[in-house]
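Student: Okay, here's the prediction I keep looking at, along with the sequence it came from:
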Amino acid sequence: MNIIIFGPPGAGKGTQSKFIEKKYNLFQLSTGELLRNEIKNKTQLGLEISSIINSGDLVSDEIVSKLIEKYISDQKNKQRLIFDGYPRNIDQAKNLDNLLKKYNQKIDIVLKLSVSLETVKKRILERQSQEKRSDDNELTAIKRFKTYEQSSQPVLDYYKESNLLKVINGEATIPEINIEISGLIESIKG
Ligand code: AP5
Ligand code: MG
């Protein structure tokens, strides 16, 4: 099954993806992690995108599309991907559908984690003290939240229309959300 996990910064996309990845033997495709690896490895792409990421803006659709196609086209990931952080706007959602069609795949469920800006700020600042992610500070967290708010609604409408969207209260505890997500996945596994 292919899953999209959607939500603002700090919503718990990465945390929940790692849990589902293990439990259902899937593969977490985090575009944020892939981009941060490019920066860490000081690749040409990494040099080009580091200031964009650190300011909380989105990297171009074209760059991210190229990164994800590599994973979608890989036969061993077929119909077992968790998209964490992609798509982020309506063009990316349509592009993802086209890519999946090209490789005979589809999305089975879209999990949206809802959290408030207050929670986002609190979680991002907590994580900053542990992980030292370069885009984790209060100003960038607010910017990333605003970027999310500006582009997310058409994506949510798009998946609502195709009946794939499930909205989850991301303010609950990590284990409570684990349980809710497992229930949703089991219900579509049939
Ligand atoms: P990305 O890495 O995707 O960052 P993000 O969307 O801002 O989300 P985060 O990774 O910060 O949060 P998360 O939802 O994964 O939460 P987590 O589980 O870590 O993207 C980074 C940047 O890359 C973007 O700004 C953009 O520039 C670029 N980019 C990426 N994808 C792109 C795309 N498709 N197009 C263009 N550009 C793109 O949890 C956060 C913290 O809270 C953790 O410490 C965790 O332990 C804690 N926590 C989690 N859940 C709970 C809970 N329920 N209760 C209490 N604490 C919790
Ligand atoms: Mg993440």
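Tutor: Now that the structure is in, tell me what you want to look at. Numbering: from 1, shown residues only. Ligands and ions are numbered 1, 2, ... in the order given.

Student: secondary structure class for the residue nearest to K78 when sequence neighbours are not counted?
Tutor: Excluding its sequence neighbours, the residue lying closest to K78 (Cβ to Cβ, 6 or more residues apart in numbering) is Q105, at 6.4 Å. Placement of C-beta: from N, CA and C, glycine included. What DSSP: H, G, I helix; E, B strand; the rest coil gives for Q105 is coil.

Student: Would you mind measuring from Q105 to ligand 1?
Tutor: 18 Å (Cβ to the nearest ligand atom, to the nearest Å).

Student: Which residues are in contact with T119?
Tutor: 10, 170-171 (Cβ atoms under 8 Å, 6 or more residues apart in numbering).

Student: Return the closest of those residues with respect to ligand 1.
Tutor: Nearest to ligand 1 among the contacts of T119 is G10, at 4.3 Å by Cβ to the nearest ligand atom.

Student: Confirm that that closest one sits in a helix.
Tutor: No - applying three-state DSSP, one finds G10 to be coil, outside a helix.

Student: Quick check: nearest residue in space to the one residue in the chain that gets nearest to ligand 1, chain neighbours excluded?
Tutor: At 1.8 Å from ligand 1, G32 is the closest residue in the chain, using Cβ to the nearest ligand atom. Excluding the flanking residues, the one nearest G32 by Cβ to Cβ, 6+ apart is G85, at 4.8 Å.

Student: Number of residues surrounding that neighbour?
Tutor: 23 (other Cβ atoms under 10 Å).

Student: what sits against it?
Tutor: Per Cβ under 8 Å, 6+ apart, neighbours of G85: 13, 30-32.

Student: Going by neighbour count, which of these comes out on top?
Tutor: Highest count within the contacts of G85 by other Cβ under 10 Å belongs to K13, 25 neighbours.

Student: That one is in contact with I5, isn't it?
Tutor: Yes - at 4.7 Å, K13 and I5 qualify as touching, with contact defined as Cβ atoms under 8 Å.

Student: Next to ligand 1, which bits of the chain? Give me the list.
Tutor: 7, 9-15, 31-32, 35, 52-53, 56-59, 64, 85-86, 88, 92, 123, 126-127, 144, 173-174, 177 (Cβ under 6 Å from any ligand atom).

Student: just the buried members of these?
Tutor: 7, 9-15, 31-32, 35, 53, 56, 58-59, 64, 85-86, 88, 92, 123, 127, 144, 177 (16 or more other Cβ atoms under 10 Å).

Student: residue contacts, the residue of the chain found nearest ligand 2?
Tutor: The nearest approach of the chain to ligand 2 comes at G14, 3.3 Å away (Cβ to the ion). By Cβ under 8 Å, 6+ apart, G14 lies in contact with 28, 30, 32-33, 84.

Student: Any chance of the residues you listed in CSV with pLDDT as columns?
Tutor: Compiled in CSV, the contacts of G14 are given as follows (pLDDT from 0 to 100):
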residue, pLDDT
Q28, 98
S30, 98
G32, 98
E33, 97
D84, 98
